[in-house]
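> Quick one: sequence and predicted model below, then my questions.
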Amino acid sequence: MTPHRSLVNAVVALLLAGGVSLCTAAERTAVQSEKHAFNLVTLVEGLDHPWSIAWLPDGRMLVNERAGRMRIVSKDFRLDPQPVEGLPKIVVDGQGGLFDVVLHPDYKDNGWIYISYSGPGPGGHGTELMRAKLDDHRLTDQQVLFRLEPKTGTSQHFGGRIVFDGKGHVFLTLGERGEQARAQRLNDHAGGVIRLNDDGSVPKDNPFVGRKDAKPEKFTYGNRNMQGAALHPTTGELWTHEHGPQGGDEVNVMRAGRNYGWPVITYGANYGTGTKIGEGTQKAGIEPPLYYWVPSIAPSGMAFYEGDKFPNWRGNLLVGALADKMLVRLELNGEKVVKEERMIKGAIGRIRDVRVGPDGFVYLLTDERRGVLARLEPMK
């Protein structure tokens, strides 16, 4: 390394240590959106298909990489080269691998970290939920709370988003594993949301408890592949979005025992041929989508904005998109989308996760072989 380069690195380290966000011109992009002007700033590079991010109370971040590694990022955005040890056995296959990471709402008191991943089992592999505690660079006290049944060998549609409801329950979204009919089967975990107590036990008021023909963990069914989920800040209800096939991506409000239609009704079509799937777009007894996209945007990651850095976005829903590599902002009036804005199209890559940090900034992860952690910073 040249002396000049060493000096530059030293200056950068000093500025970062002081909390200054410093990036090269290539790492900072000015954006004028409809309601805010902001900079898109790359904070961390070199992540391997990062999937999710969570903040520890001390300001450090946990970042899950789909390939089966949990990474630590310091509060001054330095990527620790040492991955966290003690993860469960993870099957990395196609879309499968290590998924979400979420801290328990009472983390400061109990230390529980929840992760979702594709785990092995009879018949293949499928989505699982585990909780553990972090001791330096190792997970300890691991407890597997849920395993999808039955498992199969397909390599797609795992779901994997984790959301707490603030009432002692945890939700986990599940895809139908690329096997359409499973989404309509109550005796199959796949293709819906499951709801558990935070210790992994089944809530007594789950909608299908006591039915011999249904899995008691199921909360909804008829969902294709939900890779975005967030709790509404006012109503406390769970909102999700899911991938359609060729079009027909949906935003839905998850309500107990409801059927969301896949593959009976959909705004999507068969790949390649464009032919109709199921019985159309509406059917009695099945929940229609709150909002849908045709053509598909391939949504992944979702957050309601309630911070103070972007006041004109308060109450908006922010959705990452793998297709067209963009961030979508949805303005809401109750449960109706009244405006859609598409931002940063193609600027940094396929958006896998969207989070609002404790500081009120919007953070993004890109699903790339050399993925990045970036954030939106409002211009003064």
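Okay, I see it. Numbering: from 1, shown residues only.
> For the stretch 251-380 of the chain, just list every one of the strands.
291-293, 299-304, 317-321, 326-333, 336-343, 351-356, 362-366, 371-378 (DSSP state E, counting those that start in this stretch).
> which of the residues in stretch 352-362 are buried?
Using 16 or more other CB atoms under 10 Å as the test for burial, stretch 352-362 gives 352-357, 361-362. Any C-beta I mention is one placed from the backbone N, CA and C, and that applies to glycine too.
> From the centroid of this structure, which residue is nearest?
Gly301 (3.9 Å; CA atoms, centre = their mean).
> Verify the contact between that residue and Gly228 for me.
Yes: with contact defined as CB atoms under 8 Å, Gly301 reaches Gly228; the gap is 5.5 Å.
> overlap in contacts of those two?
When contacts are counted by CB atoms under 8 Å, 6 or more residues apart in numbering, the set common to Gly301 and Gly228 consists of 319-320, 354.
> and the buried residues of stretch 352-362, which two are the farthest apart?
The span of these, defined through CB to CB, is set by Arg352 and Phe361 at 17.4 Å.
> Save the shared contacts of Gly301 and Gly228 as a markdown table, and put in distance to Gly247 and pLDDT too.
Output for the shared contacts of Gly301 and Gly228, formatted as a markdown table (distance: CB to CB, whole Å; pLDDT from 0 to 100):
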| residue | distance to Gly247 | pLDDT |
| --- | --- | --- |
| Val319 | 16 | 98 |
| Gly320 | 18 | 98 |
| Val354 | 22 | 98 |
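> I'd like these laid out as TSV, including distance to Thr42.
As requested, these are exported to TSV (distance: CB to CB, whole Å):
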residue	distance to Thr42
Val319	21
Gly320	16
Val354	16
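> ok, those vs Ala54, which is closest?
Val354 (13.1 Å).
> how far away is Pro122 from Ala181?
Counting by CB to CB, to the nearest Å, the gap from Pro122 to Ala181 is 20 Å.
> Show me which of the two is the more surrounded one.
Between Pro122 and Ala181, counting by other CB atoms under 10 Å, Ala181 is the more crowded of the two (12 against 7).
> So which of the shared contacts of Gly301 and Gly228 is the closest to Glu377?
After measuring the shared contacts of Gly301 and Gly228 against Glu377 - CB to CB - the closest member comes out as Val354, at 15.2 Å.
> How about the closest one: what's its closest non-neighbour residue?
Gly301 (4.0 Å; CB to CB, 6 or more residues apart in numbering).
> Provide a list of residues in contact with that neighbour.
Neighbouring residues of Gly301 by CB under 8 Å, 6+ apart: 52, 227-228, 319-320, 351-355, 364-365.
> ditto for Met379
So Met379 contacts 30, 37-39 (CB under 8 Å, 6+ apart).
> Weed out the non-buried ones from those residues.
38-39.
> Now go through the contacts of Met379 and say which are in helices.
Assigned to helices by DSSP state H, none of the contacts of Met379 qualify.
> now the contacts of Met379 as CSV including distance to Arg211?
Below are these laid out as CSV (distance: CB to CB, whole Å):
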residue, distance to Arg211
Ala30, 56
Ala37, 53
Phe38, 49
Asn39, 53
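> and the contacts of Met379 as TSV, adding pLDDT and distance to Phe208?
Below are the contacts of Met379 laid out as TSV (pLDDT from 0 to 100; distance: CB to CB, whole Å):
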residue	pLDDT	distance to Phe208
Ala30	97	51
Ala37	98	49
Phe38	98	44
Asn39	98	48
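> nearest to Gln282, of the contacts of Met379?
Using CB to CB, the contacts of Met379 come closest to Gln282 at Phe38, 38.8 Å.
> and the closest one, bridged to which residues?
For Phe38, the beta-bridge partners are Val31, Pro378 (DSSP bridges).
> ok, it touching Glu377?
Yes: contact criterion CB under 8 Å: Phe38 and Glu377 qualify, at 5.9 Å.
> of all the strands of the stretch 251-380 of the chain, which lies closest to Pro263?
Pro263 lies closest to strand 291-293 among these, at 14.7 Å (CB to CB).
> Can you list the strands that that closest one pairs with?
By DSSP bridges, strand 291-293 pairs with strand 249-254 (antiparallel).
> Mean confidence (pLDDT) on the partner strand, please.
Averaged across strand 249-254, the pLDDT comes to 98.
> Please tell me how far the nearest residue to Pro263 once chain neighbours are set aside sits from Gly268.
Using CB to CB, 6+ apart and skipping the chain neighbours, the partner closest in space to Pro263 is Gln180 (4.2 Å). For Gln180, the distance to Gly268 (CB to CB) stands at 11 Å.
> the more surrounded of those two?
Using other CB under 10 Å as the criterion, Gln180 and Gly268 rank with Gly268 on top: 26 against 18.
> Tell me who's in contact with that one.
Residues near Gly268 by CB under 8 Å, 6+ apart: 244-249, 277, 294, 296.
> For it, give its distance to Ala256.
For Gly268, the distance to Ala256 (CB to CB) stands at 25 Å.
> can you check Pro378 too?
38 Å.
> Then Asn110?
Taking CB to CB as the measure, Asn110 falls 26 Å from Ala256.
> same question, Gly301
25 Å.
> Okay, and the beta partners of the residue lying closest to Val328 once chain neighbours are set aside?
Leaving out its chain neighbours, the residue that sits closest to Val328 by CB to CB, 6+ apart is Val319, at 4.4 Å. Beta-bridge partners recorded for Val319 (DSSP bridges): Met302, Val328.
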